[in-house]
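In: A predicted structure for the sequence below; I have some questions about it.
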Amino acid sequence: MRRQPNGITRSISHNVSALDKTLLYSVGVILFLYLIISVKTFEHLPPLPTLEEMIQPGAKIDARPAAAQSEFPPESFPQTIHSVSLETIIHPAVEIIPSLTIPNMTVPAFYDPPQFKPYGGIRSYLGNHGKDLMTPQQAQSVGSKVNGLPTIFVAIASYRDFQCRQTIESIFTRATHPERIRVAVVDQFDKEVDVSCSHPESPCDQDPTQGPVFARHLGNRMYRGEYFAIQCDAHVDFVLDWDASVIQQWTNANNEMAVITAYLSDVNNSMDPEGHLIRKTRPIMCKSDFEGRGVKRHLRHGQQPEGPSGIHNEPTLEPYWAAGFSFSRGHFVVNIPYDQHLPWVFQGEEISIGIRGFTYGYDYYTPETSPCFHYYANADKTGKRNKIHLFWENAKLLDQEKVSRVEVGGMKRLNGIIGMNQPSVPPESWIGVDKEKYGIGQVRTPAKFFDTFGIHMKEFTTEDHLCRFVGKNMHRIWKQYLRKDRMGIDYSKITYHFQDPDIFGVTWNHLLPNNK
């Protein structure tokens, strides 16, 4: 049957003659004989070498797919924030109480280079504000290098912290390649009493080795295309060769969407005076519960367990993100910047960033060995942290009723953005601006996070003993679902819902790879 141009179907027939049948029979016999001869011939050929025979002894196989190439030229490094890249914003407290007489603020504009303008900006190019998972090529469009080395951006929010200078000094003096590091500090200090973080403890010519949420938001604004990005506190010490170590651990995760994050261990008994690592254990983020009352109720991570890693030569998957230390590709800072509209918020920032990152497709890992350690207030035997300033000290200088209103307004928005407000809190009761810029993605849903890790939003409770599952068990099960293109864990293939093993027993053994 043949379809004619005018739409008429016309039948075509052909009568098979005796000659046609003879020719067809002859061709069939010839093909059959050719097949028999070919098979007999191949029987006498030597066998093909096995995979082991093809590989030279001692050679290593890299099973990872080749890195995608960006369609854009690499960014220069370092970049300076000029006056032309500044913008004016309203102080977030004024958004909640317009009668407050707080002047507008001039701040750095977010990183958004001109080559992305045809796509609607870098956030639109990188997965369209979380509506889609980034492609490997899109991910590779972010990240500068210097002398062939991937660069590192370090953001520090410091509040009157006398150890901020020490932290910066250890970042540079203990790095394998300090030339690839750029540090941005949001330095909040009393110029009449405190010493600025920008003043080294010793002058460079003498010694050449030289409200947290909003502050960290400003730190994100100073990112300028570095390959990797770190967020850390202003009172930590870095170990020798920390940059090479943490980059290698990130690389070993084989996951472009990996974020290495942890509540850092105390500096005591973790490193020697020269910065050599001596601690053999590491913390893991697995313990969280609801805290606070009413509209201030939020999910807060508690003291995390610490012990030897059950996974070796790579970081270990975990469910939660920590603000005290976070190491990732630079696009994490681009896609998940701190929310500008959360004044007077301290508790709750971690679950906010954690869920937003999860919905964009990011995965959290704890390092096998820590790149730095924390000075805790009461743990340092020298007493150096016994007298520290906290941002809450400013509350006594302000009207308490207004402070409470601002704090409540910030918490309503924080919980509202990630879907954790109580049903009695309507969306119109909190500031709803910039939801796309500071909101959740669509690669995964918050409900998937809650269901997977035993968080019950109707009752505001969590399943206990999650730490028995997180670590070696979760890592071995989840790793099976790492996408072949290295773009994160595919949660669409994960149906597991954690339940308290003390009540329901161990519910994950049948999912472990060696049990299949």
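Out: Sure thing, it's come through.
In: C-alpha from now on. contacts and neighbour counts both.
Out: Fine.
In: got phi/psi on the closest residue to residue 188 other than its chain neighbours?
Out: Leaving aside its sequence neighbours, residue 188 sits nearest to residue 159 (CA to CA, 6 or more residues apart in numbering; 4.8 Å). Here is the backbone geometry of residue 159 (degrees, to the nearest 10): phi -110, psi 100.
In: show me where the stretch 351-500 of the chain has strands.
Out: For the stretch 351-500 of the chain, applying DSSP state E, counting those that start in this stretch gives strands covering 363-366, 372-374, 455-456, 461-462.
In: quick one: closest of those to residue 353.
Out: The minimum distance between residue 353 and the strands of the stretch 351-500 of the chain falls on strand 363-366, with 11.4 Å, by CA to CA.
In: contacts for that closest one next, please.
Out: Around strand 363-366, the neighbours that count as contacts under CA atoms under 8 Å, 6 or more residues apart in numbering are 257-262, 282-285, 315-321, 357, 488-489.
In: how about the helices in the stretch 401-516 of the chain?
Out: Ranges of helices within the stretch 401-516 of the chain are 435-438, 446-452, 472-479, 501-504, based on DSSP state H, counting those that start in this stretch.
In: contacting residues around the first one?
Out: Yep, that's helix 435-438 we're talking about. Here helix 435-438 has contacts from 129, 336-339, 417, using CA under 8 Å, 6+ apart.
In: same thing with the longest one?
Out: With contacts defined as CA under 8 Å, 6+ apart, helix 472-479 is touched by 310-311, 316-318, 489, 494, 508, 511-513.
In: return the most buried member of the strands of the stretch 351-500 of the chain.
Out: strand 363-366 (a mean of 26; mean count of other CA atoms under 10 Å).
In: mind listing the strands it pairs with, and their directions?
Out: If you go by DSSP bridges, strand 363-366 pairs up with strand 258-261 (parallel), strand 316-318 (antiparallel).
In: I'd like these as a markdown table, with distance to residue 375 appended.
Out: Converted to a markdown table, those look like this (distance: least, CA to CA, whole Å):
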| stretch | distance to residue 375 |
| --- | --- |
| strand 258-261 | 17 |
| strand 316-318 | 24 |
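In: which residues touch residue 336?
Out: Counting by CA under 8 Å, 6+ apart, the residues that residue 336 touches are 353, 356-357, 438.
In: which among these gets closest to residue 186?
Out: Of these, the one sitting nearest to residue 186 (CA to CA) turns out to be residue 353, at 18.8 Å.
In: show the model's pLDDT score for the closest one.
Out: Looking at residue 353, its pLDDT stands at 97.
In: what of residue 292?
Out: Residue 292 is given a pLDDT of 89.
In: show me what contacts it?
Out: residue 298.
In: now restrict the contacts of helix 472-479 to buried residues only.
Out: 311, 316-318, 489, 508, 512 (16 or more other CA atoms under 10 Å).
In: before we move on, back to that, among the contacts of helix 435-438, which are in strands?
Out: Of those, none are assigned to strands by DSSP state E.
In: export these as CSV, with columns for pLDDT and distance to residue 469.
Out: CSV is the format used below for the contacts of helix 435-438 (pLDDT from 0 to 100; distance: CA to CA, whole Å):
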residue, pLDDT, distance to residue 469
129, 97, 32
336, 98, 27
337, 98, 30
338, 96, 30
339, 96, 31
417, 97, 28
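In: distance of the residue lying closest to residue 97 once chain neighbours are set aside from residue 346?
Out: Counting by CA to CA, 6+ apart, residue 97 lies nearest to residue 406, which is 7.2 Å off, once chain neighbours are set aside. Distance, residue 406 to residue 346, by CA to CA, to the nearest Å: 12 Å.
In: looking only at neighbour counts, state which of the two leads.
Out: residue 406 (22 against 17; other CA atoms under 10 Å).
In: quick revisit: could you dump the strands paired with strand 363-366 to a markdown table with distance to residue 94 and mean pLDDT?
Out: Formatted as a markdown table, these follow (distance: least, CA to CA, whole Å; pLDDT from 0 to 100):
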| stretch | distance to residue 94 | mean pLDDT |
| --- | --- | --- |
| strand 258-261 | 33 | 98 |
| strand 316-318 | 37 | 98 |
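In: how many residues are close by residue 268?
Out: Residue 268 - counted by other CA under 10 Å - has 16 other residues nearby.
In: quick one: pLDDT of residue 396?
Out: Checking the pLDDT column for residue 396, the value is 70.
In: and it, how close does it get to residue 403?
Out: For residue 396, the distance to residue 403 - CA to CA - is 10 Å.
In: any idea which helix or strand carries residue 166?
Out: Under the criterion of DSSP states H and E, residue 166 resides in helix 164-173.
In: re the thing from before, and which of the contacts of residue 336 is nearest residue 107?
Out: Nearest to residue 107 among these, with distances taken as CA to CA, is residue 438, at 17.1 Å.
In: how many neighbouring residues does that closest one have?
Out: 22.
In: just to revisit the earlier point, out of the strands of the stretch 351-500 of the chain, flag the one nearest residue 243.
Out: Per CA to CA, nearest to residue 243 of the strands of the stretch 351-500 of the chain: strand 372-374, 10.1 Å.
In: now do the strands in the stretch 151-300 of the chain.
Out: According to DSSP E, counting those that start in this stretch, the strands that the stretch 151-300 of the chain contains are 152-159, 181-188, 228-232, 236-238, 258-261, 282-283, 288-291, 298-301.
In: mind checking the end-to-end distance for stretch 229-238?
Out: Terminal residues of stretch 229-238 are spaced 15 Å apart (CA to CA).
In: contacting residues around that stretch?
Out: Counting by CA under 8 Å, 6+ apart, 152-158, 161, 163-164, 166-167, 170-171, 174, 267, 275, 323-330, 332-333, 371-375 sit against stretch 229-238.
In: likewise for stretch 89-96?
Out: Residues contacting stretch 89-96 (CA under 8 Å, 6+ apart): 100-107, 340-343, 405-406, 409, 431.
In: top of these by neighbour count?
Out: In the contacts of stretch 89-96, the most neighbours by other CA under 10 Å go to residue 342, 29 neighbours.
In: wait, it sits on residue 214?
Out: Yes - at 6.7 Å, residue 342 and residue 214 qualify as touching, with contact defined as CA atoms under 8 Å.
In: SS state for residue 87?
Out: Classification of residue 87 by DSSP: H, G, I helix; E, B strand; the rest coil places it in strand.
In: wait, what's in contact with it?
Out: 106-109.
In: picking up where we left off before, nearest to residue 252 among the contacts of helix 435-438?
Out: Ranked by distance to residue 252 (CA to CA), the contacts of helix 435-438 are led by residue 336 at 23.2 Å.
In: and the residue nearest to residue 188, how many neighbours?
Out: Counted with other CA under 10 Å, residue 159 comes out at 22.
In: that one and residue 187 touch, don't they?
Out: Yes - Residue 159 is within contact range of residue 187, at 6.4 Å (criterion: CA under 8 Å).
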